[in-house]
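In: Kindly return the folded structure for what I paste below:
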Amino acid sequence: MFQRITLTAIATFSMACITLRAQSLVVETFNGGLASEDLGAVQNFTFPGHNLAIGTDDGITSYSLLSVKKIYFSPATATVGPAASDAEMALFPNPGTGAIRITNAPDKPTTLTAFSIQGAKALQVQVSASDSEIDVSRLPAGLYIIRIGGQALKFIKL
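Out: Numbering: from 1, shown residues only. Predicted coordinates for the structure are as follows:
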């Protein structure tokens with residue numbers, strides 16, 4: 001599954017549960033340049049002035065919006081670390097209003113972080129396979145990217 005965000009159409013999403021099997025956030029410039037940021041290291045992305053600022057564990061990288069052709073999530077090409085399970089994580093109900101559940105959550109406690117489409121961190125909680133229900137009732141309505149266990153999932157809060 002490949003989900004793309006472009007500057008001409010901020011986002012195109014279906015109402016179904018989509019699992020973003022992405023490993024990096026890629027910025028393509030009009031001069032053909034490609035820059036990618038490891039999705040696990042991305043803390044936020046914002047649009048101050050006429051720029052795109054991507055905050056990572058290592059600092060902030062900025063791009064002039066006039067030079068950015070598109071921004072998208074790249075699919076996984078390789079993994080490092082323990083072998084991935086055959087069962088994909090998913091969340092439901094999606095869209096949702098009160099509480100959501102993560103299916104196939106990691107067995108040991110893992111940090112779940114929800115980012116608004118503007119790139120702001122909206123929620124951060126610990127989840128595990130035995131405790132995978134998350135209260136999202138206080139989040140404003142909108143589109144969120146949920147990062148958990150090296151994966152990113154899309155969630156729509158009604």
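
In: What residue spans form the domains of this structure?
Out: Taking automatic domain parsing as the domain assignment, the ranges for the chain are 23-75, 90-157.

In: What is the end-to-end distance of the longest one?
Out: Right, domain 90-157. Domain 90-157 has its terminal residues 15 Å apart, counting by Cα to Cα, to the nearest Å.

In: circling back: comparing the domains of the chain, which comes out most buried?
Out: Greatest average neighbour count among the domains of the chain goes to domain 90-157 (a mean of 16), per mean count of other Cβ atoms under 10 Å. Every residue, glycine included, has its C-beta placed from N, CA and C.

In: Give me the local confidence score for the residue sitting furthest away from the middle of the chain.
Out: Distance to the chain centre peaks in the chain at residue 31, reaching 26.1 Å (criterion: Cα atoms, centre = their mean). Predicted confidence (pLDDT) for residue 31: 87.

In: before we move on, the earlier item: where among the domains of the chain is average confidence lowest?
Out: domain 23-75 (a mean of 84).

In: and it, how far out from the chain's middle?
Out: 13 Å (Cα atoms, centre = their mean, to the nearest Å).

In: go on, stretch 107-117?
Out: Worked out by Cα atoms, centre = their mean, stretch 107-117 lies 10 Å from the chain centre.

In: Now do it: everything it contacts.
Out: With contact meaning Cβ atoms under 8 Å, 6 or more residues apart in numbering, stretch 107-117 is reached by 10-11, 44, 102, 121-129, 134, 136, 139-140, 142-149, 155.

In: at 7 Å instead, please
Out: Here stretch 107-117 makes contact (Cβ atoms under 7 Å, 6 or more residues apart in numbering) with 11, 44, 121-129, 134, 142-149.

In: Equivalent analysis for stretch 133-144, please.
Out: Outside stretch 133-144, the residues touching it (Cβ under 7 Å, 6+ apart) are 11, 13, 96-101, 112, 114-117, 122-123, 125, 127, 155-158.

In: From residue 27, how far out is the closest residue to the residue farthest from the centre of the chain other than its chain neighbours?
Out: Once flanking residues are discounted, residue 31 sits nearest to residue 67: 7.2 Å by Cβ to Cβ, 6 or more residues apart in numbering. Residue 67 is 9 Å from residue 27, where distance means Cβ to Cβ, to the nearest Å.
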